[in-house]
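Asker: Sequence and predicted structure are below.
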Amino acid sequence: MADRYSFSLTTFSPSGKLVQIEYALNAVKQGITSLAIKSTNGIVLATEKKSSSSLIKLDDQLKIETLTPNIGCTYAGMGPDFRVLLDKSRKVSHTNYKRIYNEYPSTKILVDEIAKIMQEATQSGGVRPYGVSLLIGGFNEHDQTYLLYQVDPSGSYFPWKATAIGKNATAVKTFLEKRWNENLEIEDAIHIALLALKESVDGELTGENIELALISEPNDDMLGFKGTDMSGPRFRLLSAEEINDRLEAL
Amino acid sequence: MADRYSFSLTTFSPSGKLVQIEYALNAVKQGITSLAIKSTNGIVLATEKKSSSSLIKLDDQLKIETLTPNIGCTYAGMGPDFRVLLDKSRKVSHTNYKRIYNEYPSTKILVDEIAKIMQEATQSGGVRPYGVSLLIGGFNEHDQTYLLYQVDPSGSYFPWKATAIGKNATAVKTFLEKRWNENLEIEDAIHIALLALKESVDGELTGENIELALISEPNDDMLGFKGTDMSGPRFRLLSAEEINDRLEAL
Amino acid sequence: MADRYSFSLTTFSPSGKLVQIEYALNAVKQGITSLAIKSTNGIVLATEKKSSSSLIKLDDQLKIETLTPNIGCTYAGMGPDFRVLLDKSRKVSHTNYKRIYNEYPSTKILVDEIAKIMQEATQSGGVRPYGVSLLIGGFNEHDQTYLLYQVDPSGSYFPWKATAIGKNATAVKTFLEKRWNENLEIEDAIHIALLALKESVDGELTGENIELALISEPNDDMLGFKGTDMSGPRFRLLSAEEINDRLEAL
Amino acid sequence: MADRYSFSLTTFSPSGKLVQIEYALNAVKQGITSLAIKSTNGIVLATEKKSSSSLIKLDDQLKIETLTPNIGCTYAGMGPDFRVLLDKSRKVSHTNYKRIYNEYPSTKILVDEIAKIMQEATQSGGVRPYGVSLLIGGFNEHDQTYLLYQVDPSGSYFPWKATAIGKNATAVKTFLEKRWNENLEIEDAIHIALLALKESVDGELTGENIELALISEPNDDMLGFKGTDMSGPRFRLLSAEEINDRLEAL
Amino acid sequence: MADRYSFSLTTFSPSGKLVQIEYALNAVKQGITSLAIKSTNGIVLATEKKSSSSLIKLDDQLKIETLTPNIGCTYAGMGPDFRVLLDKSRKVSHTNYKRIYNEYPSTKILVDEIAKIMQEATQSGGVRPYGVSLLIGGFNEHDQTYLLYQVDPSGSYFPWKATAIGKNATAVKTFLEKRWNENLEIEDAIHIALLALKESVDGELTGENIELALISEPNDDMLGFKGTDMSGPRFRLLSAEEINDRLEAL
Amino acid sequence: MADRYSFSLTTFSPSGKLVQIEYALNAVKQGITSLAIKSTNGIVLATEKKSSSSLIKLDDQLKIETLTPNIGCTYAGMGPDFRVLLDKSRKVSHTNYKRIYNEYPSTKILVDEIAKIMQEATQSGGVRPYGVSLLIGGFNEHDQTYLLYQVDPSGSYFPWKATAIGKNATAVKTFLEKRWNENLEIEDAIHIALLALKESVDGELTGENIELALISEPNDDMLGFKGTDMSGPRFRLLSAEEINDRLEAL
Amino acid sequence: MADRYSFSLTTFSPSGKLVQIEYALNAVKQGITSLAIKSTNGIVLATEKKSSSSLIKLDDQLKIETLTPNIGCTYAGMGPDFRVLLDKSRKVSHTNYKRIYNEYPSTKILVDEIAKIMQEATQSGGVRPYGVSLLIGGFNEHDQTYLLYQVDPSGSYFPWKATAIGKNATAVKTFLEKRWNENLEIEDAIHIALLALKESVDGELTGENIELALISEPNDDMLGFKGTDMSGPRFRLLSAEEINDRLEAL
């Protein structure tokens, strides 16, 4: 029965559902698991780099990306849709914001804009919804806080303390609910993230098959110059070595 | 049978119904309950912040928003559609009104514009209706009155003394009909709103899981400066503490 | 069988019917009854303000609206469609007429323009017909006459002496046929309108649940200034008190 | 079977028919009968003003309209479509012709343009054919002749000596074939038109329920000024009195 | 089975047919027969003027039209489509050619342009093919030759010595194949054309019910002035008298 | 089953086929056979001029056309589509190339552009693929080579030594495979082309019912002037006499 | 069942699949096998030039193309789609990049842009996905590394050490997994590529029926001039002789 409502992209079913959005969520639920954890002094984003072949060069593949120097993003679902949203998000934050206000948008404002791009694809004729959920973490300069959001194909978003999306999302979220508390520091968060991945990933964890990024203290060394009071970007990808160090310490 | 008319977004059924609008109303009826009460000296807007997980950070989530300094708005139904309507409403009140007339639109004018945006989505080809009902309360400077409107997915709107939308709308409206009278003051209205939420929300009410806003006396302290005869915005969100204080007093 | 022709908005059925228009008329026939009566010295427009709840603030709701100072309009059918047509009608009379010719369009010209807007929605691809019938009454300066028109979803219009649209249209028209004569004056017309509403409205009539407007003598006091030979608008809504006075005198 | 070809507006059926055009002709065949007769010194256009209610003010309703001072037009079928075609025809004759060539188009040229507007609605995607047939009569200055055309929903047109469209078209045309001859003068034509209407109209004929227009000698009094060698329009509607005079003389 | 491919205007059936074009050809095959014959010193175009009623004024109806002074055209099939193609053809020959090159296009060039207009209607979305076949005859100044083309709804065209289209096309072509030879002069061609029409037309042939045009020697008298070396148009319609003279001589 | 995929013009079937392209190829396979042979000093293009009636004037019909002075083209399939592609190809070579670079495009570049026009019709919404295959032969100035390409409705193209398209393509290609060798000169190629046509054409071959063009040595006499070092076009159609001479020598 | 979701180009099936993309992948899986191998000092791209006839001139056909002087590309699937993507890719690298930044895009940036073009065709209304997978290899100046990517019809891309697409992709990839190691040099890579082709190609391998390109050391001789410090393009097609030399050495 439900099938009858899936041809027209944006029609309500009698029960008030937008079926295409639910199908898009199913695309997300089949994606590789990604997770994010907020701590008192930073956010960790983590995901698995799954490889169907030993010939894939995992180290050149990026599944966690930076949107502004202080805001990062990962996803579960359809990779190409994520790439397109990345592009549109950066356009929003640079062309529509930085060039006008001379500063980057706050996490909430950027999330809101991305969510609107995703909502639009659920109401316009002839376009399908995006087949991804996003995890977006960022640091807000003005109140010195860290914020973590999950955005879904419908364009709905919520602030989270810690969350997971993709194939093992339910199990990982149950795990995170048990482990998370208000006093976590960033290294605790990394620790929990690795433990969570360990349970959801088949095979051994290594610095090569997982990807991990922090939004935490400014990385002034990444500026490439010195002697100004400008601070470096807070978003940083951990290297394979850094990940392996932590894995050993588990 | 009715199914046959749901593919084309804006077609009349033989009985003169626009079926997509009725399905959109079903989306609203599955939404979280929101309510609004008008009193002699102000309006209260209230809604539940429902959380599917203890990891959701409810305090960073806003379901009641300001449209102009003296007009506020909440909803039941699809969150992303609400976000998009918020954006369009603010554009109308600022770009299409304030920048031209150097004052904000009155509540009635703004409601009328928002309703037209929603009607358009029921008559244009290839777009679905918005899946939200809105509650919009405002203060009109010129006749010093408070006005409260409900706008539905069809774009139809009515002025109300008190009303509710969403899952428990019928029960809450029956409750409000019994409690409302012409002499209510704003604190009475808050009291009734909390009682109404108590009946419709599962579990305990706290300042964290409900959201409450007033459109009442000007909040001059929110201006951030002094010494002018300009008065502050009348829209104000109650803090969790303020809500908890009232909950204890119930 | 007829169902097969309702998907495409503007297709003829084999018998030469435009089925969507007939379905739109069904939407009108389910609307609240409105009526209008032309007399020697004015026109009365009247409608019921129906309320599904005692919490609806009927006095803030307007179902009879002014198009130009001397032309007024009411409807039966879908409220949001009426609002949109109101907007387009005013745009026609102001932007496309008054600003060009420095006077308001005559009733016939304005009705003709509105009817064309409604016809267009029956012939263009992807748009549904408007779900309203309109009653439009006006005074023409150049020949000092009053004119009353009914416009239907098809865009067809006729001049009437007195007519009704909506749920009880047939019964009310039979009543009006018996009562109307060439010598009616405006107060007679109001009297007949109230009697007609009495028969079609469930429950007691009051100044709160019915709405009544006149297009009659100029209301110079509504100009807000004096000492010019400019005359006031002929369109005027009766207040609840004025209606109650007449109801008592029935 | 034929039903299958009616959804797409402009598709040929296997037998080479454009079914929508045939359905539109059915709409014409259900319309009120109109007729036109050409005589040696003028053309008469005539139609019934049918009224579903005694409250309709027939004298304010015009079913025969002027396109240029010397060309007039009536119809059978859907009134709103006629109104829209009137508008487009006048635009053609004024904006696209008079303003360029400083004279009105000849009857043939104008008919050709109107027919092309109607043909376009049978070939463009997403638009339905017009649901009217037109009778267009005119006087051509350059060869001092009168011409009478019938234009159908397909956009096909023919020159006629006398013809009828609408519900009783077949019967009236048989009647006209018997009565028409080359030597008819305009008063004879009016006489025949009234006799023909008498047979096709239910109830008594009066100046109120039929409409009659001539394209004949110039009406210099309609110019509103004197002393130039400019001649008045040849198109003139007969008044109710003029019609009644002729009816008495039948 | 073939029915399934007729909804989409321009889809190939599995056997590689464009079914809509074949249906359009069926519309042509139901049209009134037209024919054309090329002789050593001119081309004759001929068609029947069929009348469903004695009230149709056949002498004002033109089914053979001039495209340039030396090129003429007739058709079989849907009259309104012919009118529209006439208009586009003249636009091509004047606006797109004469105004640029200061001479009229040759017959081949003009036929090629018309054929492209007709092809476009078989490949663009949402438009149906034209429901006419055309016979186009012309004289080319540069090589002093006469050329005769038939263009079909598909946009395909061929040069002919003599051909016929419409209801009796097959019979007439068989007749023409027998009669045509390389040495025909224009009067022989007229003679054969009349004989061919005699066989295909029901009832008696007269100058009123057939239409005949020549593209032959220049008609300098049609220029309307003298004393230049400019030569008159070669296209000329025969008058009813001229046709009757030839009919008597049959 | 395959039928289900033919409505939407550009949809993949489950097996990864674009069915409309295969149907278009079927249109080509029903077309008249055309062939082309490359030799050491030129290319011959040849096709049959089929006539359904002795009244068709074959000598005025061109099925092999020149694209630039040194590039020629013939086809199998739908004639009107070939005409439209001819037009677009010439536009590409003149407007988009010659006017910019002051020389004609090379054969490869022009073929690539034409192929892209044909591919676009297989991917854009609402357009059908072109129903033709093309044979394009040309001489490249810069490396003094001859190149022969076949382009199919999908837009795919290959370089050939000799090939055939249309009804008898398979048989003719088998014939050509046997006869072709690296040392063929242009007169050998003509000889083989005539032998191949002889086998595939019903009835006798004559200079009237076949068409033959060469792209070979420059035809300086076709320039129409002398005394410059500019060389004439290499593309030349053989006259009926030239063909008959060769036919006799077979 | 799955059939039902294939008409609308971009709809999700209930399980969250975009079926058209899977069908497009099937088109790729039926294509001729292509492969690519990355070594320490270069990348080799290789593919078969399959010929359905001995008359096809394989040496003029290019299936491996250069995008920038240092980036090359081959494909499996639909040739015409590859041509169109080539064109768009070059436009991106020249018009949208080189002309702005005065250098060519890096491999990653160009791959990302091409992938976005392919993703867009999976989300826009009325367009089908591209029916090709691409192998893109390039040298990045800034970090002196070689990068190899595979892009699929969905727009998803991955970095590879060595990979294959098309009919025998699975078998070839298994072969490559066994042979590939970190220390391969370019000549080893060519050797492995030829061995892999040998297994997947029917019949003997020769320099004529396979195509091989390197992205390796700069080919300064291809610059066409000397005495600057500009280095030549790194992309180079091997000649038939070079391939044959290596084949003999197998």
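Answerer: That came in fine, so what should we check first?
Asker: longest helix anywhere in chain A?
Answerer: Assignment by DSSP state H gives helix A:107-123 as the longest helix of chain A.
Asker: Now residue A:112: closest residue in space, sequence neighbours ignored.
Answerer: residue B:83 (6.7 Å; C-beta to C-beta, 6 or more residues apart in numbering or on different chains). No exception for glycine: its C-beta is placed from N, CA and C like everyone else's.
Asker: Which stretches in chain A count as strands?
Answerer: Counting by DSSP state E, the segments of chain A that form strands are A:34-39, A:42-48, A:65-68, A:71-77, A:132-140, A:145-151, A:157-159, A:162-165, A:210-215, A:235-237.
Asker: right, and those - which one's nearest residue G:213?
Answerer: When those are compared by C-beta to C-beta, strand A:65-68 sits nearest residue G:213, at 31.5 Å.
Asker: And the contacts of that closest one?
Answerer: Contacts with strand A:65-68, where a contact means C-beta atoms under 8 Å, 6 or more residues apart in numbering or on different chains, come from A:72-74, A:86, A:89-90, A:93, A:98, A:104-105, A:110, A:136, A:138, A:213, A:233, A:235.
Asker: how does it look with 6 Å?
Answerer: For strand A:65-68, contacts defined as C-beta atoms under 6 Å, 6 or more residues apart in numbering or on different chains pick out A:72, A:73, A:86, A:89, A:93, A:104, A:235.
Asker: Adding distance to residue D:18 as columns, could you present the residues you listed in JSON lines?
Answerer: Below are the contacts of strand A:65-68 laid out as JSON lines (distance: C-beta to C-beta, whole Å):
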{"residue": "A:72", "distance to residue D:18": "60"}
{"residue": "A:73", "distance to residue D:18": "55"}
{"residue": "A:86", "distance to residue D:18": "50"}
{"residue": "A:89", "distance to residue D:18": "50"}
{"residue": "A:93", "distance to residue D:18": "54"}
{"residue": "A:104", "distance to residue D:18": "60"}
{"residue": "A:235", "distance to residue D:18": "63"}
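Asker: Tell me, how many residues neighbour the closest residue to residue A:237 other than its chain neighbours?
Answerer: With C-beta to C-beta, 6+ apart as the criterion, residue A:237 has its nearest non-adjacent residue at 4.8 Å, and that residue is residue A:213. Counted with other C-beta atoms under 10 Å in any protein chain shown, residues neighbouring residue A:213 total 24.
Asker: report the angle between the axes of the longest helix of chain A and helix G:107-123?
Answerer: 40 degrees (axes from the mean of the first three to the mean of the last three C-alpha atoms, to 10 degrees).
Asker: For helix A:107-123, name the packing helices and strands.
Answerer: Counting contacts by 3 or more C-beta pairs under 6 Å, 6 or more residues apart in numbering or on different chains; DSSP states H and E, helix A:107-123 packs against helix A:79-93, strand A:132-140, strand A:145-151, helix B:79-93.
Asker: how about 8 Å then?
Answerer: Packed against helix A:107-123 by the contact rule (3 or more C-beta pairs under 8 Å, 6 or more residues apart in numbering or on different chains; DSSP states H and E) you find helix A:79-93, strand A:132-140, strand A:145-151, strand A:157-159, helix B:79-93.
Asker: on that earlier part again, and the residue nearest to residue A:237, how close does it get to chain G?
Answerer: Distance, residue A:213 to chain G, by C-beta to the nearest C-beta, to the nearest Å: 18 Å.
Asker: Can you verify my assumption that that residue contacts residue A:238?
Answerer: Yes: contact criterion C-beta atoms under 8 Å: residue A:213 and residue A:238 qualify, at 6.8 Å.
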